[in-house]
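J.: model the following, please.
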Amino acid sequence: MKLATFNLFQFVAPGQFWYEAKAEASYTPNDWQAKQEWIQKRLAEMDADVVGFQEVFSIEPLQALCRAAGYEHFATVDVSGTIPEDPRVFNRSVVALASRWPLKNIASVPLNTAVKHELRLGDQFQFSRLPVCAELEVPDAGNIKVCVVHLKSKRASALAISYPEAMHWRDRSVDTLMRLSRASISSLIQRGAEATLLYHYVAESLLSEPKLPCVILGDLNDEADSSPFNAITMQDKIYEIGGIPEEDWPETVAGYLHDYRLSDAFRLAPNMRQHPRPFTHIHRGQGTTLDHILVSNQFNANNPNALGEVLNYWAYNLHLNEDGIENRLQSDHGQVCVEILPIGDRANLPVLGRSLPESRTNLSTRQDFIDLAGGIYQTNRHYQQWSSSDKYEKFWSFFFDGQYGWVKSVYGDMPVSELRKREAHSIEHLIPLNFLDAYLINKRMPRHVRYGASTNPFNLAPSERLLNARRSSFPFDLDGDQIVRPPQLSMREDQAMAGFDAENEWVIPTRSRGYVARALLYMLLVYGIDELYQQHIDTLVAWAKSDPADPWEIAYNHWVQKRLGIRNPLMDSPEKANILLDNQELMYAMLAPHHSLKPLAGKT
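T.: Have a look, this model is predicted:
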């Protein structure tokens, strides 16, 4: 399912105005048609199932537009306001919720008595724009609660004042500064109060209905490092509860704290790892992020009991400064859309594996290979969550605590024992981690399968740290090219036996090619990766056959099987492995379906 937040920028039908009765604060019929067509195009582009709208003045035209775009269900909880002296001039917008699925229990956020009292908000306090909240039943995923919000802006309305001509410019300047100081804090107090009222509402909802996930869609009018944002998410570390320090808490407390926090979907989305946060608004040439999507812990992939996970995050912002069309005909905000994969959505889950005798080698399908391999390894922890002790226990202990310290690093010529002595050892992902994450996300593989791929021991190899860094995510050379650019390293007993060819592909040592080929073929078969052409598969098969599994590989295979229940059938004896390698029906199951440049392959 996909959810989006969409600030429309002054959605006002022709013949009416926003804030002032002047031509530039209204739309001509042609402008209005252009704006609606752009909105419809953006809705189609995002293809979200649920959309939260802000800056809605003309409610009925928006509902009609949404219905035409496939959103049959629509909700607001307020009416837009006009100035008393001219009902054509709007001065207060509303938020709206549109959905492809039915909405129920539509309501707004109440004014929590404790919040009003402790913040001294007064009897006249109201939300600047009433949030709209509703529950919806998502097919194959159950119910979720969605709240659409538009918090108070930072705009200092108190500056809308004119001074007498006789007033000295020094006095005007000082008065302006003082008014700006008051207005900024007044807006911050209003926005902060709205934020904490929203958090109280969500926390109480989660307390009363723990199985009901909550998503907030909105223009928060603040950055992710602001106090109002923190007041909604409550992600700051808690050091004591009721005077009791953290070290004296029961073990369950950490889970309780996470259950009642909200997470920034940008930080959860795997496709945004190592990416800067996209801007959603430009103010005086400076990009800022005001539009956010927040999710409760039920959609946090780090929660082992999650009901779903944020899979993708997109920000549609190119129109803000690149298309030459004024924002009033589109929007002065970028749109944010996230995709959430419910754990209950089994449509795209792989068959994880059935038991097959290890002696069986007459396989014809990938599923046969997966069954023989013991299934698809799954875990609830990503490799990036591994600590040094995890790396030791789950990988290095085979080399450090056994008789295989003489195994050489995958790219260099230094044995593992020497690497350890020099503290220069590193774990190499033969299929790069970022490729695996992106590819399996694109195939809609669930979190536990993707995390298993990131930690699958048959994709890991001992490496020298600097050589691992030099390889980075560059593709392997599969064409027998020569090294023309060796990595320039300072440790020089280990002269690099790997490097780059003329096409920036990574050439690996001959002695490592059998292990690399067996690892790549295993990962391609097990995870359904179709990224190679026939000549590349033939090369990997030839490497695996000409350089059969070493004793340490066979022992490693047994070690992994004993610990995790999975195995790489290609790391078996040459007799068994070669039967699989000669099975063209099985090997060519990995052929790329389209002829395009692929990140795992060399030149075609």
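J.: for the nearest residue to residue 578 once chain neighbours are set aside, give me its contacts.
T.: Counting by C-beta to C-beta, 6 or more residues apart in numbering, residue 578 lies nearest to residue 545, which is 6.0 Å off, once chain neighbours are set aside. No exception for glycine: its C-beta is placed from N, CA and C like everyone else's. With contact taken as C-beta atoms under 8 Å, 6 or more residues apart in numbering, residue 545 is in contact with 574, 578, 581.
J.: the closest residue to the last one other than its chain neighbours: which element?
T.: Ranked by C-beta to C-beta, 6+ apart and with sequence neighbours excluded, the top spatial neighbour of residue 581 is residue 541, at 5.0 Å. When secondary structure is defined by DSSP states H and E, residue 541 falls within helix 534-546.
J.: following that helix, which helix or strand shows up next?
T.: Remark: after helix 534-546, the chain's next helix or strand is helix 551-564, criterion DSSP H and E.
J.: which residues are contacting that following helix?
T.: Contacts for helix 551-564 (C-beta under 8 Å, 6+ apart): 374, 377, 398, 402, 404, 407, 457-458, 515, 518, 549, 566-568, 571-573.
J.: residue 406: what's it in contact with?
T.: Residue 406 neighbours (C-beta under 8 Å, 6+ apart): 415, 416, 417.
J.: regarding it, what is its secondary structure?
T.: Assigned with DSSP: H, G, I helix; E, B strand; the rest coil, residue 406 falls in the coil class.
J.: distance check, it against residue 463.
T.: Residue 406 sits 16 Å away from residue 463, going by C-beta to C-beta, to the nearest Å.
J.: do residue 449 as well
T.: 25 Å.
J.: so these two - more neighbours on which side?
T.: residue 463 (25 against 20; other C-beta atoms under 10 Å).
J.: quick check: which ranges of the stretch 351-500 of the chain have low pLDDT?
T.: 351-362, 488-496 (pLDDT under 70).
J.: and if we set it to 80?
T.: For the stretch 351-500 of the chain, the stretches with pLDDT under 80 are 351-364, 488-496.
J.: hey, where'd the strands end up in it?
T.: Per DSSP state E, counting those that start in this stretch, the stretch 351-500 of the chain carries strands over the ranges 425-429, 460-464, 499-500.
J.: just those strands: most buried one?
T.: strand 460-464 (a mean of 25; mean count of other C-beta atoms under 10 Å).
J.: need the contacts of residue 406 in a markdown table (columns: distance to residue 23 and neighbour count).
T.: Formatted as a markdown table, the contacts of residue 406 follow (distance: C-beta to C-beta, whole Å; neighbours: other C-beta atoms under 10 Å):
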| residue | distance to residue 23 | neighbour count |
| --- | --- | --- |
| 415 | 79 | 18 |
| 416 | 75 | 22 |
| 417 | 80 | 15 |
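J.: which one of these sits closest to residue 233?
T.: Lowest distance from residue 233 to the contacts of residue 406 (C-beta to C-beta) belongs to residue 416, with 43.3 Å.
J.: how close does that closest one sit to residue 424?
T.: For residue 416, the distance to residue 424 - C-beta to C-beta - is 10 Å.
J.: same thing with residue 409?
T.: For residue 409 relative to residue 424 (C-beta to C-beta), the value is 9 Å.
J.: which residues do these two both contact?
T.: In contact with both residue 409 and residue 424: residue 464, using C-beta under 8 Å, 6+ apart.
J.: okay, the two: which has more neighbours?
T.: Between residue 409 and residue 424, counted using other C-beta under 10 Å, the more crowded position is residue 409 (27 against 19).
J.: hmm, the more buried one is touching residue 467, no?
T.: Yes - using C-beta atoms under 8 Å, residue 409 is in contact with residue 467, at 7.0 Å.
J.: give the residues shared as contacts by those two.
T.: Between them, residue 409 and residue 467 share no contacting residue, judged by C-beta under 8 Å, 6+ apart.
J.: identify each buried residue in stretch 189-196, please.
T.: 190, 191, 192, 193, 194, 195, 196 (16 or more other C-beta atoms under 10 Å).
J.: with stretch 550-557 instead?
T.: Applying 16+ other C-beta under 10 Å to stretch 550-557 flags 552, 553, 555, 556, 557 as buried.
J.: including distance to residue 288 and pLDDT, could these go into JSON lines?
T.: Shown next, in JSON lines, are the buried residues of stretch 550-557 (distance: C-beta to C-beta, whole Å; pLDDT from 0 to 100):
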{"residue": "552", "distance to residue 288": "54", "pLDDT": "95"}
{"residue": "553", "distance to residue 288": "53", "pLDDT": "95"}
{"residue": "555", "distance to residue 288": "56", "pLDDT": "95"}
{"residue": "556", "distance to residue 288": "51", "pLDDT": "96"}
{"residue": "557", "distance to residue 288": "53", "pLDDT": "96"}
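J.: list just the nearest of these to residue 179.
T.: Using C-beta to C-beta, the buried residues of stretch 550-557 come closest to residue 179 at residue 556, 71.7 Å.
J.: just the strands in the stretch 1-150 of the chain please.
T.: Taking DSSP E, counting those that start in this stretch as the criterion, the stretch 1-150 of the chain contains strands spanning 2-11, 17-18, 50-56, 73-75, 81-83, 86-92, 94-99, 103-107, 132-138, 142-150.
J.: nearest to residue 485, out of those strands?
T.: strand 2-11 (43.4 Å).
J.: for residue 283, list each beta-bridge partner.
T.: Beta-bridge pairing for residue 283 (DSSP bridges): residue 286.
J.: would you agree residue 291 is in contact with residue 9?
T.: No - the pair residue 291 / residue 9 is not scored as a contact, 11.8 Å apart, by C-beta under 8 Å.
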